[in-house]
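Student: just to be clear, the model below is a prediction. Sequence and coordinates:
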Amino acid sequence: MLSRNVAGLVARSTVAAVRRAAVRRAPGIRGLADSATEEPKNEGWLFVDSVFPIRLGIWDVRHYIGLFREESLLGELESRLSVVKKHGFKVLSLQPYQKDGGVFVKFAYSASDKESALKDIEDELREEADKHAMPSWAGLDWGNVWLVKGQPWLEDMNRYPSTMVKVGFEGPDVQEETLYDLFRPYGRIRDLTPPKPASAGTLRSADVYFVRVRSAAIARNAIHGYQFPNSTQPTRLQILYQRPIQAHAIRGWLTSHPRIVLPILFFLLGTLTYTIFDPIRALSIEGKMLNWFDYREYGLFKWLRTHALDRLSLSSTPQDAPVTDLSGWKERKEAENALKSYLTDPPLTVAFVHGPQGSGKSRLVSAVLQESGRKTLVIDCAELNKAISDTRLVGALAQQTGYRPIFTFLNSLTNIIDIASMGVIGQKAGLSNTVPDQLKQILDVVGSALIDVNRSLRRATKQEFKSHREAEVRKIEEARRAERIRQGTWHDGRLDCVAGNGIMSELGVGDEVFSAEGSNDGLDEGNEAFMMEELKKEREVEDELMRKERTAEDIEAIATLSVVVVKNYGARGGIYTEELQKVLSQWAATLVENKIAHVVIVSDNREKAKLIAHALPSKPLNFIPLYDADTGSTLAFVKQRLRDAGMTAELTKPEVASIECLGGRASDLEILIHKVRSGQAIEDAVEDIISRSIGELRKTAFGEDIEDAKSLSWTREQAWTVLKQLARKAELPYYDVLANFPFKGDEVALRSMERAELISIGTLNGRPSTIRPGKPVFKYVFERLVNDAIFRATQDMAVNDKLIAGADSTVRACEAELVTLQEIAGPVGFFQSLWQSRRASTERRRYLLKKMYEAQVRILTLEKQNMDLKRTLGRGT
């Protein structure tokens, strides 16, 4: 409705203006000139500014004020101009131009010298404006009178005034100094650009930047169409407003200033991530810890499972796997007690559970945590090390921790942006993060979520204690009430509602004796003493409850802390192993220092604890070792497990010997128990385990064939040398093996064999010390392989061939050097050799001859051994 009224008002005002213009164009209006007066010979135009508000855009509503006051403003302007009479000045018409805030005045004058007359008329009009201000829509003395040098152009397009005007040249260019002199009278100029080259069909132009929009509007209306005189031909000036912000100017500025835009953009994106996605991710991690998304924890599913699925035997829910009972294993019992003790104390350090592979570390930790019922977050480094790219590593860690949502594809995108920014701004944009930074971001959010989990568990525990205390109070109150009923000192006030008040209330009392809560008139001294005793006991009971509650709350405050388990810490094989270990060690130190969670790290090697010890320099780690069981613990464990399976027969000496051959590795003992439970004899089960281990070891250490052996990190000769020596000795000196053939200082091969569980390298004072079999059962596996005549013959021949090749190369090198020495020293006679026997060349010759002789003897010996080995192969046994 308001828009229709305004539109109608604008239409009526426009019609009225047209009518007034038509009237003002008629001669003799308002008695300014007589009809018989001679018509003026010259005409001109004036522009009066600031009569109306300058409209800056379609959104500018100030022009409606000019529409409302147009009649009065034009009338007042006409009266001001009619005062001037110089050179026969006479107003012919007034044409308002509200978009530019002014009025065009067409006037007539009489003069032979036009330029002088126009200058005089303009000066007199300005003097009149100084004495009596020109009318203005705001009532301020802003307006002035300007002589129009060009031609008025009244247009109603959406070209609104701005501080920039574009001056087009229809003719030769106008110099900058001339343009400045021409436009400066209308206002201060901030800048002026010289004429720019233009494409074919367009005019060359220059841009003039005024400080004020009013100055630009005056210049545009006073100069447009002006014929500027040049030496050759006049130049017509076309004046157009130039938008301060042109089309795509913002986009152009953004693309032309990447050094400013890109950092701001990345900062905003990072802020968006931290403010929106991080709380969602923390909530997702908390839901994973508290089993919000596990349907098996819902009450409806439990009810259906109890009343329907289990009864129909259709439940597909897997039952929890039984945890290995290690009660008969004293070493495991000590480790279990140490871990439980750590979990019941405040988290002051990190628990480092270490032991060889297959020693039952993960089973032990799982059993203790399952018994405690603590909320646990498990991070498996072995799975993380399988990642072949940073994207997969980050995704795997997010999957294990419940960090969602995660946009792994953005990593590749940010890398592309960094490469592009290097070409644009000469440096990386900084959007992509390194792998450690990405891992730290995930773990920081996980740490925040663990704090929320602890807070939720503590809140639930307090509510549980509160409910328990209220139940205890109700129980005590019920006991007191029962005792008072028995003694007849309890009064039920509800009877008053039946019996009424006053005298009638006696009916509600009956034979009941008043208690201390009511009137004491009917109590004797015995009852009063009894009540005092009851109150004292009540206070003692309440104090005891409060004391127990505080103690239980302190214990539960520790029990409600989450537990973070890092499995397979230090496992090799990944390209980001070192970065992952460093980040996890720093994060674990942060958790225990801030008492956020208990941290249990499971590793195969105690030496991997160095990074964690470095992250916690002031606190010693809680080492919990797990080693292979000794013979007594092994036999006790097997007997206990067989007894649990219902096998109560005593072990015979052959069975004990077989179990001793198997050793004390927990994984091997579990396989033995499983086979015996399946009905297999102990001797057969052990033999089966050893036979299977022989096949696996032969494939792992030597490969299926020659091509498969090339992919190993060690040679067949290196593996056979170690296995053959370990078959004869329980352990080998590490550096002795490393220094001799076939290793010759190749430490990588030994470390690779350790990772493959072929051997186990013991340490002393932080350095490698001894080499043992990777498992206790490997001792007998090595013996079986060495005792296999055919296999031993093939491997010995391969080793001998390598040794023969080395000795042969030694002989050839000595021969070549002897020839060189002969050429240097020349022929030596018998007598010369006597007095030159101490020369360097002679000593070197003797050394080479001795070395060549030893190498040749070794070649003969090895070739003889190969002949015997070939005969063994020929016999086939």
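Tutor: On my side now, so go ahead. Numbering: from 1, shown residues only.

Student: and the most centrally placed residue in the chain, its phi and psi?
Tutor: In the chain, the centroid-proximal residue (Cα atoms, centre = their mean) is residue 441; its distance is 4.0 Å. Comment: the main-chain dihedrals of residue 441 come out as phi -60, psi -40, following degrees, to the nearest 10.

Student: look at residue 166 and report its pLDDT.
Tutor: We note a pLDDT of 91 for residue 166 in this prediction.

Student: likewise for residue 430?
Tutor: For residue 430, the pLDDT comes out at 51.

Student: please shift the residue numbers so they start at 6 in all later answers.
Tutor: Happy to do that; since the first residue is 6 now, the last one works out to residue 435.

Student: quick one: the helices in the stretch 156-305 of the chain?
Tutor: With DSSP state H, counting those that start in this stretch as the criterion, the stretch 156-305 of the chain has helices at 181-188, 218-228, 254-261, 263-277, 283-294, 304-309.

Student: low pLDDT regions in the stretch 306-455 of the chain?
Tutor: 312-336, 413-438 (pLDDT under 70).

Student: quick one: the helices in it?
Tutor: Taking DSSP H, counting those that start in this stretch to define them, one finds helices in the stretch 306-455 of the chain at 315-317, 335-349, 366-377, 386-389, 395-406, 414-430, 440-492.

Student: which one of these lies closest to residue 725?
Tutor: Nearest of those to residue 725, taken as Cβ to Cβ: helix 386-389 at 29.0 Å. C-beta coordinates here come from the backbone N, C-alpha and C atoms, glycine included.

Student: show me what counts as buried in stretch 728-743.
Tutor: When neighbours are counted by 16 or more other Cβ atoms under 10 Å, the buried residues of stretch 728-743 are found to be 728-732, 737, 739, 742-743.

Student: correct me, but residue 219 touches residue 52?
Tutor: No. Judged on Cβ atoms under 8 Å, residue 219 makes no contact with residue 52 at a distance of 11.8 Å.

Student: burial count for the residue nearest to residue 762 when sequence neighbours are not counted?
Tutor: Across the structure, with Cβ to Cβ, 6 or more residues apart in numbering as the measure, the residue nearest residue 762 apart from its sequence neighbours is residue 779 (4.0 Å). Per other Cβ atoms under 10 Å, the neighbour tally for residue 779 reads 24.

Student: in contact with residue 779, which residues?
Tutor: 361-362, 759, 761-765 (Cβ atoms under 8 Å, 6 or more residues apart in numbering).

Student: just the ones of those residues in helices?
Tutor: With helices defined by DSSP state H, the entries of the contacts of residue 779 inside them are residue 759.

Student: least confident pick among the contacts of residue 779?
Tutor: Lowest pLDDT of the contacts of residue 779: residue 362, 79.

Student: quick one, what contacts the closest residue to that residue other than its chain neighbours?
Tutor: The spatial neighbour of residue 362 that comes closest, neighbours along the chain excluded (Cβ to Cβ, 6+ apart), is residue 609 at 5.3 Å. The neighbours of residue 609, taking Cβ under 8 Å, 6+ apart as the test, are 359-362, 573, 575-576.

Student: distance to residue 806 and neighbour count for these - can I get that in TSV?
Tutor: Written out in TSV, the entries for the contacts of residue 609 read as follows (distance: Cβ to Cβ, whole Å; neighbours: other Cβ atoms under 10 Å):
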residue	distance to residue 806	neighbour count
359	41	22
360	40	23
361	35	20
362	34	16
573	40	20
575	38	23
576	36	23
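
Student: returning to what we had before: and the buried residues of stretch 728-743, which two are the farthest apart?
Tutor: Spanning the widest gap among the buried residues of stretch 728-743 are 732 and 743, at 19.2 Å by Cβ to Cβ.

Student: on that earlier part again, most tightly surrounded among the helices of the stretch 156-305 of the chain?
Tutor: Neighbour counts (mean count of other Cβ atoms under 10 Å) averaged over each of the helices of the stretch 156-305 of the chain peak at helix 218-228, with a mean of 24.
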